[in-house]
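Visitor: need a 3D model of the sequence below.
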Amino acid sequence: MSTFKTLDDIGDVNGKVALVRVDFNVPMKDGLVTDDTRIRTAMPTILELAEKGAKVLILAHFGRPKGERVPTMSLSLVVNEVAKVLGKEVMFVPEIAGDVVKQAVGILRAGDIALLENTRFWKGEEKNDPELAAAVAANGDLYVNDAFSAAHRAHVSTEGLAKVLPAYAGRSMQAELEALEKALGKPEKPVAAVVGGAKVSSKLDVLKHLVTQVDHLIIGGGMANTFLAAKGVNVGKSLCEHDLTGTADDIMANADASGCTVHLPYEVVVSKEFAANPPSLRTCNVHEVAEDEMILDVGPLAVEALGDVLKTCRTLVWNGPLGAFETVPFDAATVALAKTAAALSHEGSLISVAGGGDTVAALNHAGVSQDFSYISTAGGAFLEWMEGKELPGVAALSA
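Guide: Numbers count the residues shown, from 1 in each chain. Model prediction:
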């Protein structure tokens, strides 16, 4: 990973205007924010700049208005919540460029904060239009990107501004990039990756990249069934992409060539129906799955063996659950392995980095989030990083 500048490199910002890109794409119900995690994530960067005397102009997107002004996607709906979390008054500005923003900057005092309108109300935002970038930049002195979750998009507010203003990583972005560097950039070996989820097709590029990067690849979830089928195992009526067994074979061959051990479940939890605590529930060897049964989780002996693998590793990257974790008891394997990883991280023998929506939910469900070394709330950006792709918003910050 190339080097990037942080808030420590900015120097005196008193009276200067900082354009700060954050992720305020928060869930709402009945006009109220239902989860303020993303606002709290951006809080340290915003407050640090304000305390140093900068006039902070916050840039963010909200929903997918596709270049139109959609009243239900206006950031005016979240400004009160932002003010509440920051503990400071926040001015709302219904534009992102031009005279209205210029007037707002004139009204703001050093240390004041304003939230600009949804960047995606302007068609040029998602097209990364240089004219829009220049217009937005005209009211700022420096640019700070604190939205890793939007870093896989080359938009005006995530990439374009970094080309026309001095650009820095905010504290959340900095923490994310440093954690990712430890996980796959220059990791302590041996490295393990847990990749779960329903379909191989959604994570093909991740799997192809990881087998060249890690020492142990643990495959769980529905996608494990496709790999088992590729090995000639009858998976009954389990979720399985039979058309991708050839691809699964290729990935396993590449793993062999790269010295990566692929771990597939040898013991599984099966049922004839997918429901909570079904009467047909049983645990069996993977070669004993009946035609009318489906694999819904990894069995306890297999999970214990996976835990032993983690005990030999120094670094872990985790994306996706091992079983159908939303439904009891098919959460057991994910919870058990997450607890092992958390305990190893807590005692300092493992650096554990996890990311993706389902993953965050699964680790919260297991009650271990606080013991993982780092949990990324980014979905698409985290996956693209796991695929080994360069993220435009990160590349733009390179010093």
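
Visitor: assign the most centrally placed residue in the chain to helix, strand or coil.
Guide: Relative to the mean C-alpha position of the chain, the nearest C-alpha, by Cα atoms, centre = their mean, is the one of Ala378, at 2.1 Å. What DSSP: H, G, I helix; E, B strand; the rest coil gives for Ala378 is coil.

Visitor: list the contacts of it.
Guide: By Cβ atoms under 8 Å, 6 or more residues apart in numbering, Ala378 lies in contact with Phe148, Ser149, Ala151, Glu176, Gly355, Gly356. Using the backbone N, CA and C atoms, a C-beta is placed for each residue, glycine as well.

Visitor: let's go with 6 Å and repeat that
Guide: Counting by Cβ atoms under 6 Å, 6 or more residues apart in numbering, Ala378 touches Phe148, Ser149.

Visitor: any regions of the protein where pLDDT drops low?
Guide: With pLDDT under 70 as the threshold, the chain has low-confidence stretches at 1-2, 399.

Visitor: domain map for it?
Guide: Under the assignment named as automatic domain parsing, the residue ranges that make up the domains of the chain are 7-173, 187-386.

Visitor: out of these, nearest to Ala396?
Guide: Go through the domains of the chain one by one with Cβ to Cβ and the one that ends up closest to Ala396 is domain 7-173, at 3.6 Å.

Visitor: pull up the distance across the closest one, start to finish.
Guide: 11 Å (Cα to Cα, to the nearest Å).

Visitor: let's have the domains of the chain in TSV, adding distance to Gly393.
Guide: Conversion of the domains of the chain to TSV gives the following (distance: least, Cβ to Cβ, whole Å):
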stretch	distance to Gly393
domain 7-173	3
domain 187-386	8
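
Visitor: ok, which of the ones you listed comes nearest Ala395?
Guide: Each of the domains of the chain was checked against Ala395 via Cβ to Cβ, and the shortest separation belongs to domain 7-173, namely 7.9 Å.

Visitor: out of the domains of the chain, which comes closest to Ser398?
Guide: With Cβ to Cβ as the measure, domain 7-173 is the member of the domains of the chain nearest Ser398 (9.0 Å).

Visitor: returning to that earlier point: and of the domains of the chain, who's closest to Leu180?
Guide: Leu180 sits nearest to domain 187-386 of all those, at 5.9 Å, using Cβ to Cβ.

Visitor: may I have the distance across that closest one, first residue to last?
Guide: With Cα to Cα as the measure, domain 187-386 spans 13 Å from end to end.

Visitor: give me the distance between it and the centre of its chain.
Guide: 17 Å (Cα atoms, centre = their mean, to the nearest Å).

Visitor: quickly find the element holding the residue nearest to Trp122 when sequence neighbours are not counted.
Guide: Across the structure, with Cβ to Cβ, 6 or more residues apart in numbering as the measure, the residue nearest Trp122 apart from its sequence neighbours is Leu132 (6.0 Å). Mapping Leu132 onto the secondary structure by DSSP states H and E places it in helix 130-137.

Visitor: so what touches that helix?
Guide: Identification of contacts with helix 130-137 by Cβ under 6 Å, 6+ apart yields Ile96, Ala97, Trp122, Gly124, Val156, Gly160, Leu161, Val164, Leu165.

Visitor: show the buried residues in the residues you listed.
Guide: Neighbour-count burial within those applies to Ile96, Ala97, Trp122, Gly124, Val156, Gly160, Leu161, Val164, Leu165; the criterion is 16 or more other Cβ atoms under 10 Å.

Visitor: is the nearest residue to the last one once chain neighbours are set aside in a bridge, and if so with what?
Guide: Once flanking residues are discounted, Leu165 sits nearest to Tyr143: 4.1 Å by Cβ to Cβ, 6+ apart. Beta-bridge pairing of Tyr143, defined through DSSP bridges, involves Leu19, Ala167.

Visitor: need the strands for the stretch 101-250 of the chain, in chain order.
Guide: If you assign secondary structure with DSSP state E, counting those that start in this stretch, the strands in the stretch 101-250 of the chain sit at 113-116, 142-145, 167-169, 191-195, 216-219.
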